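Visitor: return atomic coordinates for the entry below.
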Amino acid sequence: MKKIIVSVIMLLLVVSMSTVVFAGSDMQSSTHTVYFGSGLTDVFSTASCTISVDSSYVNISNYTSTPYDYDVIMYEMELMKYENGSWTVKRTYSATAYNTDYLYGSRRVYVSAGSYKLRTYHYIYSPGDEDDTYTYTQSVTVP
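Guide: Alright, predicted model coming up:
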């Protein structure tokens, strides 16, 4: 019984500390998820991307998953900034994985003040079975 009470108290302490830290920050985030068929097999996969602000940094990430291994899974993340009335690509990050059913990537990027969003291209391929899609986040503002 004592272990249960201590566990509950520790959980409440962690939750309350997390709430205080989050409430004191200017955290903004945006996530976009797309479900798409994988070509000939009509199996659903998931593609998502996320951007969040942490002081003078943006944290960007993406995830692509499939129900079984593909020969190739790749992504290309484009960090975009709103400048002079249009969105321009500031940085690009990419990765490729082979013979797997998922691919995850993330970066913490130092940026100047302004509005940012993330566009990610997701691609999966096996012989006779391929698909691709884009995911986009809403914009976040770096003070």
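Visitor: only C-alpha atoms for contact and neighbour calcs from this point on.
Guide: OK.
Visitor: low pLDDT regions in the protein?
Guide: Counting by pLDDT under 70, the chain has low-confidence residues at 1-27, 36-44.
Visitor: ok, and the closest non-adjacent residue to residue 34?
Guide: Using CA to CA, 6 or more residues apart in numbering and skipping the chain neighbours, the partner closest in space to residue 34 is residue 47 (5.2 Å).
Visitor: my error: substitute residue 50 in the last question.
Guide: Nearest to residue 50 is residue 31, by CA to CA, 6+ apart, at 4.3 Å.
Visitor: list the residues that contact the one you found.
Guide: 48-51, 136-138 (CA atoms under 8 Å, 6 or more residues apart in numbering).
Visitor: surely the residue nearest to residue 34 meets residue 122?
Guide: Yes: counting by CA atoms under 8 Å, residue 122 is a contact partner of residue 47 at 6.8 Å.
Visitor: can you list residues touching both of these two?
Guide: 64, 133, 135.
Visitor: most surrounded residue in the residues you listed?
Guide: Among the shared contacts of residue 47 and residue 122, residue 64 has the most neighbours (other CA atoms under 10 Å), with 24 neighbours.
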